[in-house]
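S.K.: give the three-dimensional model of this entry:
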Amino acid sequence: MKKLLLSAICLYFISCSTPPPPNRQVKIPEDFLGIVHAGRTRNPIEDKLLEDMGCKWILNTFNWDRIEPEKDVFDFSRYDIYVEYAKGQGKKIIGLLGYGTDYSGKTKFYIPPEKMPSFLLYVEKTVLRYKGKVDVWCIWNEPNITFWHGTKDEFINLTKLTIKKIRETDPDAYIVGGAFWRSPAGFINKMHKEGVLNELDAFAFHPYSFNPSDCMNVYDKLLKIFSKINYSGPVWITEVGFPNAGINPTKVSLKKFPAYIVKTITGAAARGARALLWYEIFDRVDKGEISLNSEKYFGLINKDFSRKDGSWAYELCGRYLPGSRYVPELPQRENIPSNIVSFCFLDGITGNNTLILWNDKNNRQEIELNLPSSALVHDIYTGQNTPLQSGSSLDIVNKPLIITWRGTDIPRISKKQGK
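M.R.: Residues are numbered from 1 along each chain as shown. Here you go, the predicted structure:
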């Protein structure tokens with residue numbers, strides 16, 4: 001799913017300073033968060049984890065070669081079970097349509113023109129079967145890197161024809177497209193020129209990078225591209241994540257993993273992303289197993305269903321951000337340097353307000369926080385909370401603090417006297 005090696009030269013251009021989101025209030029959808037490849041075990045342990053973590057969306061590929069393993073022989077049994085179970089658990093489903101089959105061409109990552117009618121028949125039968133059950137259809141995956149071996153024009157034509165077939169089959173279907181790795185201007189501009197962007201209900205992309213700050217730089221680049229072409233459709237992050245091992249240069253240590261999760265989700269929420277799906281639910285190796293393949297280490301949960309520390313960070317975001325309103329003018333800041341990053345979200349679905357703070361520098365900075373005595377500070381490694389007294393002094397470090405409180409009190413942070 002990830003391009004294994006990014007150019008090492010890029011390391012010199014990656015900023016660790018958190019880019020500010022647009023200066024506007026944003027309503028965070030109540031179904032903001034999801035997880036890729038979740039819901040496939042049909043295990044009560046996974047079901048509870050997803051519920052506890054606030055996961056509303058699950059994404060799965062409805063592979064053509066599994067649905068039609070032989071020409072004109074269709075078998076939906078595995079997906080029937082998956083869909084019925086997921087809906088029974090109250091999950092919303094993103095179904096990804098792709099790829100080729102053994103009989104459709106030399107590679108699964110290209111549909112020759114003469115095989116396009118067969119691909120569209122698979123699309124038609126799949127969409128019709130799960131009409132009213134699969135909530136969103138996504139067309140293909142990361143065509144600008146590994147997963148498309150044709151030209152831009154050919155992929156855009158596939159997208160256009162697939163949209164047309166879905167609309168004919170289910171006029172009420174919600175369709176997202178693109179699903180690009182990062183934000184390729186060439187592909188996006190060509191999709192706009194051909195009128196494909198406006199035929200979609202939303203645009204999907206995957207802002208993978210070396211750290212959360214650059215993930216948000218990738219997001220901001222996308223918004224600049226959209227501004228130039230006057231496109232204002234919703235943006236879905238249908239994949240983002242960081243591996244904890246292997247040789248992928250985007251890997252992050254388990255120690256830093258929770259902080260990366262909070263910073264990435266917070267930045268995307270404040271930018272107005274319609275939804276964010278973390279890649280992915282499970283590691284693909286046993287605990288302690290060593291592999292050079294980073295693809296095996298993207299999980300929030302270990303293969304044996306035990307939690308990685310990052311799962312608590314995701315859960316806190318899932319508990320307190322959905323349904324809230326990002327307010328850029330808060331907290332009130334008095335003599336606070338720019339390296340102290342702050343995001344304020346008011347009135348979530350739980351009735352809690354949320355303040356998230358961290359320090360972009362690798363040092364400690366003491367601040368004073370004015371909040372009611374009911375405030376709680378949450379540990380992103382364990383999910384546990386402790387009471388926070390009004391007027392408390394806080395050491396702000398690179399690890400984010402998540403602070404919640406109820407009521408109408410306006411948060412204010414100020415530089416610690418004498419500091």
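
S.K.: what packs against the element among helices and strands of the chain having the smallest mean pLDDT?
M.R.: Ranked by mean pLDDT, DSSP states H and E, the weakest helix or strand in the chain is strand 392-396, scoring a mean of 90. Secondary-structure packing of strand 392-396 (3 or more Cβ pairs under 8 Å, 6 or more residues apart in numbering; DSSP states H and E): strand 352-359, strand 365-370. Every residue, glycine included, has its C-beta placed from N, CA and C.

S.K.: now tell me what touches that strand from outside.
M.R.: When contacts are defined by Cβ atoms under 8 Å, 6 or more residues apart in numbering, strand 392-396 is touched by residues 340, 357-359, 364-369, 371, 401, 416.

S.K.: now for those residues: which two are most distant?
M.R.: Largest separation among these by Cβ to Cβ: 364 and 371, giving 20.2 Å.

S.K.: more crowded one of those two?
M.R.: Legend: neighbour count by other Cβ atoms under 10 Å for residue 364 and residue 371, higher for residue 371 (25 against 11).

S.K.: now do the strands in the stretch 1-150 of the chain.
M.R.: Remark: strands assigned in the stretch 1-150 of the chain by DSSP state E, counting those that start in this stretch are 26-27, 33-36, 57-63, 92-98, 136-139.

S.K.: redo the ones you listed as a markdown table? Include mean neighbour count and mean pLDDT.
M.R.: Shown next, in a markdown table, are those (neighbours: other Cβ atoms under 10 Å; pLDDT from 0 to 100):
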| stretch | mean neighbour count | mean pLDDT |
| --- | --- | --- |
| strand 26-27 | 14 | 97 |
| strand 33-36 | 26 | 98 |
| strand 57-63 | 22 | 98 |
| strand 92-98 | 22 | 98 |
| strand 136-139 | 24 | 98 |
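
S.K.: mind putting the contacts of strand 392-396 into TSV with distance to residue 310?
M.R.: Putting these into TSV (distance: Cβ to Cβ, whole Å) gives the following:
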residue	distance to residue 310
340	24
357	19
358	16
359	20
364	23
365	25
366	27
367	26
368	30
369	26
371	27
401	17
416	31
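
S.K.: report the contact partners of residue 309.
M.R.: Residue 309 neighbours (Cβ under 8 Å, 6+ apart): 254, 257-258, 381-382.

S.K.: hang on, the earlier thing: so for residue 406, which of the strands of the stretch 1-150 of the chain sits nearest?
M.R.: strand 26-27 (19.4 Å).

S.K.: that closest one packs against which elements?
M.R.: Counting contacts by 3+ Cβ pairs under 8 Å, 6+ apart, strand 26-27 is packed against strand 325-326.

S.K.: could you redo the last one with a cut-off of 6 Å?
M.R.: Of the remaining helices and strands, none touches strand 26-27 by 3 or more Cβ pairs under 6 Å, 6 or more residues apart in numbering; DSSP states H and E.

S.K.: what sits up against that strand?
M.R.: The contact list for strand 26-27, computed with Cβ atoms under 6 Å, 6 or more residues apart in numbering, reads 272, 325-326.

S.K.: tell me the buried residues within the residues you listed.
M.R.: With burial judged by 16 or more other Cβ atoms under 10 Å, the buried subset of these is 272, 326.

S.K.: which element is the residue nearest to residue 336 when sequence neighbours are not counted on?
M.R.: Excluding its sequence neighbours, the residue lying closest to residue 336 (Cβ to Cβ, 6 or more residues apart in numbering) is residue 413, at 5.7 Å. Residue 413 belongs to strand 412-415 when assigned by DSSP states H and E.

S.K.: pull out the buried residues from that strand.
M.R.: Buried, per 16+ other Cβ under 10 Å, within strand 412-415: 413, 415.

S.K.: stretch 371-385 too?
M.R.: Buried-residue list, stretch 371-385, by 16+ other Cβ under 10 Å: 371, 375-381, 383.

S.K.: what do you get for stretch 358-372?
M.R.: So stretch 358-372, judged by 16+ other Cβ under 10 Å, has buried residues 358-360, 365, 367-371.

S.K.: how is the residue nearest to residue 409 when sequence neighbours are not counted assigned, secondary-structure-wise?
M.R.: Leaving aside its sequence neighbours, residue 409 sits nearest to residue 372 (Cβ to Cβ, 6+ apart; 4.8 Å). Recorded secondary structure, residue 372: coil (DSSP: H, G, I helix; E, B strand; the rest coil).

S.K.: residue 372 and residue 394, how far apart?
M.R.: Per Cβ to Cβ, to the nearest Å, residue 372 is found 15 Å from residue 394.

S.K.: how many other residues sit next to the closest residue in space to residue 401 that isn't next to it in sequence?
M.R.: Distances taken as Cβ to Cβ, 6+ apart place residue 357 nearest to residue 401, at 4.7 Å, with adjacent residues excluded. Residue neighbour count, defined by other Cβ under 10 Å, stands at 24 for residue 357.

S.K.: check residue 268 too.
M.R.: Applying other Cβ under 10 Å, we find 27 residues neighbouring residue 268.

S.K.: report the contact partners of it.
M.R.: Residue 268 makes contact with 237, 276, according to Cβ under 6 Å, 6+ apart.

S.K.: tell me the SS of it?
M.R.: Quick answer, by three-state DSSP: residue 268 is helix.
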